[in-house]
Structures are given as structure tokens and as C-alpha cells.
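Participant: Okay, predicted coordinates and the sequence, questions at the end:
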Amino acid sequence: MYQLYIANKNYSSWSLRPWVLMSQLGIPFEETLIPFSSAPGENWEHYREFSPNGKVPCLVDNKIAVWDSLAIVEYLAESHPEVWPQERQPRAWARSACAEMHSGFTSLRSTCPMNVGVRLRLHQLPDALVKDLDRLCELWESGLEQFGGPFLAGHAFTAVDAFFVPVAFRIQSYGLQLTPEAKEYAQRLLNLQSVMMWEEEALKETWRDKSHDEETLAVGVLLQDLRSA
Ligand SMILES: N[C@@H](CCC(=O)N[C@@H](CS)C(=O)NCC(=O)O)C(=O)O
């Protein structure tokens, strides 16, 4: 059985990617959640026990460790071809869009850190964030239009959709404005059973990570905190 090491469901956007992919596709795995520590160097110490780069997510399959969410996806695809679209063209598109998310959308990621249980109004909308949101809408619309939806690369949920689930949570938390088609797609992701399960578990968490919460509160006015006290 695959072992998937992750961190807090409320904050860990990278952990969410393989978790939601495996859950949504019905790939069995055992989850180990190790919450972030605020003590300096402690995450490294804890995560290094299973993950060579001291970060999560990390997938362990027998004695093989696979770290980094994109590498995990590719590893899983070797045994579970449904991870990527079956046809060449949507598969190439899906791989490109995943890679773009993995290494791009930096303003969206830094201005709006994932914090599932909170709702905020941003103090301002920096130009770089507007540019990222415009590109996001363009990307999503192009996939939905070319491959016919309801998912980005066609009728099936694949890795490219999993990579954008953390973005859907950010849109919800920060009330980010998108085109109607993109907004509908984000809501479609949020309505998936495995995504609702992640959200429910995130809201139940009582751990608070000071640095994540400070980053979130620095960019906007807190409207609601739905997390368990
Ligand atoms: N590029 C990596 C990023 C992994 C990453 O930054 N993980 C964060 C959690 S969301 C982490 O482990 N942080 C702990 C630390 O840096 O101390 C991936 O895609 O898996």
C-alpha cells in the first residue's frame, strides 16, 4: 500500500495535490499527517525521517520514496495510466498546464496562501495578481473548450485538475473574481467528494501555524474563520 505523508489540510497546498488525485481516482493509500511545527528546524527534522528534501508531500512505495508533487504524479502514472488523459493531445496539454502551475502563478501563490478555513477581503489587488488571474482564466477556458469539459482535459478528472484544487480553495478564501466559466469550474472542483472531505477535515483541525496565519492576515481583512477552535 502506498504511504502518503502530508501536512496540515488547512495549509498544505502541495500535500493536497497527490492526496486529491489518489482519493478522486480511487488509488488506495495510507495517509500520515505530520502537522507543521513552529520550532525552528523542526519540520526539517520531522520530515527528513521519510522525505529526502525534508518537505511534504512524500509518497513511499515499499522502499521507494518519491518527493515533490509533480514527481509523485509521474510515479503514480506509471502504474495508474488514468492519472493522465489517455489521448496524446490532451495529455500534452495537461502536462504543460501542471508544469505551469508547479513553477508559475507566483503572485497568486504568494499573495493568497492556501488557508482553507478563512474568508478574507484583500486590501489590494496587485497588478501581478491580476495578470495571474487573467492567465488562469485563459488557461482553464482553453482546456474546457478544446477538450469539452467538465474537467480541464476532458471528461475525466486527471492530475491537471488535482493541481488546481488548491487554487479553487484560494479563490474561495479570498473571493477572487474570475470569468463565469472559470468560476463555474472552480466550484465544480470544490463540489467533488474528495475535495469536500479534505475541506471538512481541514476545518476540524485545531493546530494553528503562526507563520501561515500571519502571511494570510497580512494581505486582507478577515471576514470569517470557519476553523474549529
Ligand atoms: N515543490 C514541492 C514543494 C513542497 C513544499 O514546499 N512543501 C511544504 C509544505 S506545503 C513543506 O514541506 N514545508 C516545510 C518546510 O519548508 O519546512 C512539491 O511540489 O512537493
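Facilitator: Looks like it arrived, so ask away.

Participant: so who does the residue nearest the centre of the chain touch?
Facilitator: In the chain, the residue lying closest to the centroid (C-alpha atoms, centre = their mean) is residue 166, at 3.1 Å. By C-beta atoms under 8 Å, 6 or more residues apart in numbering, the contact list for residue 166 reads 13, 14, 16, 17, 114. Any C-beta I mention is one placed from the backbone N, CA and C, and that applies to glycine too.

Participant: Near the ligand, which residues of the chain are found?
Facilitator: Residues of the chain lying near the ligand by C-beta under 6 Å from any ligand atom: 7, 12-15, 43-44, 47, 55-57, 68-70.

Participant: average pLDDT for whichever strand or helix holds residue 72?
Facilitator: Here residue 72, judged by DSSP states H and E, is contained in helix 69-79. Helix 69-79 carries an average pLDDT of 98.

Participant: do stretch 176-195 as well
Facilitator: On average, stretch 176-195 scores 98.

Participant: contact partners of that stretch?
Facilitator: Residues from elsewhere that reach stretch 176-195 (C-beta under 8 Å, 6+ apart): 19-20, 23-24, 112, 133, 136-137, 140-141, 144, 149-152, 157, 161, 164-165, 167-172, 196, 199.

Participant: Which positions in it come out as buried?
Facilitator: Applying a neighbour-count criterion of 16 or more other C-beta atoms under 10 Å, the buried positions in stretch 176-195 are 176, 178, 182, 183, 185, 186, 188, 189, 192, 194, 195.

Participant: Which of those fall in strands?
Facilitator: Using DSSP state E, no member of the buried residues of stretch 176-195 falls in strands.

Participant: Looking at these, spot the one nearest residue 106.
Facilitator: residue 176 (15.4 Å; C-beta to C-beta).

Participant: Now do the phi/psi pair for that closest one.
Facilitator: With angles defined as degrees, to the nearest 10, residue 176 sits at phi -70, psi 140.

Participant: mind checking how far it is from residue 162?
Facilitator: 20 Å (C-beta to C-beta, to the nearest Å).

Participant: same deal with residue 116?
Facilitator: 16 Å.

Participant: more crowded one of those two?
Facilitator: Legend: neighbour count by other C-beta atoms under 10 Å for residue 116 and residue 162, higher for residue 162 (28 against 25).
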